[in-house]
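> Sequence first, predicted model second:
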Amino acid sequence: MLECIKDTDAYSSLKLGGNVSHAYLFFSADKEKNNQIALSFARSLVCNTNSSCGKCPNCKQFLANSHPDVLILEQDSVKVDDVRAIIEKLSTKPISSNKKVFVILNAEVINETAQNKLLKSLEEPTESAVFILTTTKTDKLLPTILSRLKKVFVPNFSVQDKEKIASELMAGGVDIRSYVGRDFSLTEMLNLATNTSYQATVASIIDLFSNLNSTADIPRVVSAIEVEDKPLFLGCMLDIFLNCLNEKENKFDESVLAPVKAKFNKKALMKCLPLIDESYKKLMANVNFSYILDNLLFNILKERFLCK
Ligand SMILES: [Zn+2]
């Protein structure tokens, strides 16, 4: 399990700006990649150089699965007793690093009783503890748990994409600090770092909303749009709506957002955010994308109407 981290070391530069949240959920359609990235991130939290260097004593202990401040669960099922063991460990101070890191891989295997038990620790975090959960099935987690976790979406990348991302991030060309503290920040960062598909997707979504005036337009705009990377599409849409709400530090030109801002007031924009999030979950649960998009646009128009 731990050997495969090496080739995703580059992702550790996604330190999320040093602002470490106390609980993360890494989710993706790709279980292996998701777990690798989450583990790499976990390692960077105890690494002496904050980079999961692989060379410092903390990294070495992590890689040997013997780090005193790290607990990694990768089991077929996680029960209340397992959570109890975690809570016991929580009460002690970290020994050789600044953080105590608890990783639960494939968190969908945590049974409901255990999830409720875990919830308490997530609600009252200790200062040094960081929880990292991974899953490909967000619908298997209780909504109460989901709401406590900072969600990081891990997109499906090809090997070439990965190499390119790695080299560009390493070269330091991307200021990732400005994307700190946001859900889906990983998607954003990686896409901004690598290719034009992010900008192209943004443009196509703006175009879609420009042509969407009533529910009667839905079939036409949906058939006119070609969506290659579905998670990216929803991630971009979320980004557009978030940026329309954000007065300061907007990363798009005002003119880019204008068609969307003209149609949706703030209240409607706010109401649309959970709708997009919901669509993400459906996509991760393998629901047909056209169906998701039809529904999403219908509900977005409904919110626009209701918030007038
Ligand atoms: Zn290290």
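Good, I have the coordinates. Numbers count the residues shown, from 1 in each chain.

> And for Ser97, the neighbour number?
By other Cβ atoms under 10 Å, the residues close to Ser97 number 21. From N, CA and C alone the C-beta is placed, and that goes for glycine too.

> Could you check how far the spatially most central residue of the chain is from the ion?
Most central residue of the chain, judged by C-alpha distance to the mean C-alpha position with Cα atoms, centre = their mean, is Val152 at 1.5 Å. Shown here: Val152 relative to the ion, a distance of 21 Å by Cβ to the ion, to the nearest Å.

> quick one: strands adjacent to the helix or strand that contains that residue?
Secondary-structure assignment from DSSP states H and E places Val152 in strand 150-153. Paired with strand 150-153 in the same sheet, following DSSP bridges, are strand 23-27 (parallel).

> and the next element down the chain from the helix or strand bottoming out on mean pLDDT in the chain?
Scoring the helices and strands of the chain by mean pLDDT, DSSP states H and E places helix 185-194 at the bottom, with a mean of 46. Counting by DSSP H and E, the next helix or strand C-terminal to helix 185-194 is helix 197-210.

> Does anything pack onto the helix or strand that that next one is followed by? Which helices or strands?
Tracing the chain C-terminally past helix 197-210 and defining elements by DSSP H and E, one meets helix 218-224 next. Contacting helix 218-224 under the criterion 3 or more Cβ pairs under 8 Å, 6 or more residues apart in numbering; DSSP states H and E are the following elements: helix 289-306.

> same for the helix it packs on, what does it pack against?
Packed against helix 289-306 by the contact rule (3+ Cβ pairs under 8 Å, 6+ apart) you find helix 218-224, helix 266-284.

> Repeat the analysis, applying 10 Å as the threshold.
helix 197-210, helix 218-224, helix 230-245, helix 254-263, helix 266-284 (3 or more Cβ pairs under 10 Å, 6 or more residues apart in numbering; DSSP states H and E).

> which of those sits most buried?
helix 230-245 (a mean of 22; mean count of other Cβ atoms under 10 Å).

> the inter-axis angle of it versus strand 23-27?
Between helix 230-245 and strand 23-27, the angle formed by their directions is 130 degrees, by axes from the mean of the first three to the mean of the last three Cα atoms, to 10 degrees.

> mind listing what the residue in the stretch 101-250 of the chain that the ion sits nearest to touches?
Nearest residue of the stretch 101-250 of the chain to the ion: Val101, at 13.2 Å (Cβ to the ion). Contacts for Val101 (Cβ atoms under 10 Å, 6 or more residues apart in numbering) come out as 20, 41-46, 62, 67, 69-72, 94, 128-132.

> same thing but at 8 Å, please
Val101 sits next to Ala42, Leu45, Val46, Asp69, Val70, Leu71, Ala129, Val130, Ile132 when contact means Cβ atoms under 8 Å, 6 or more residues apart in numbering.

> The second one contacts Lys100, doesn't it?
Which is Leu45. No: distance between Leu45 and Lys100: 9.3 Å, which falls outside the contact criterion (Cβ atoms under 8 Å).

> anything in contact with each of these two?
Common contacts of Leu45 and Lys100, defined by Cβ under 8 Å, 6+ apart, comprise Val130.

> Neighbour count: these two, which is higher?
Neighbours per residue, other Cβ under 10 Å: of Leu45 and Lys100, the larger number sits with Lys100, 26 against 23.

> so how far is Leu39 from that one?
16 Å (Cβ to Cβ, to the nearest Å).

> which parts of the chain sit against the ion?
Residues of the chain lying close to the ion (Cβ under 5 Å from the ion) are Cys47, Cys53, Cys56, Cys59.
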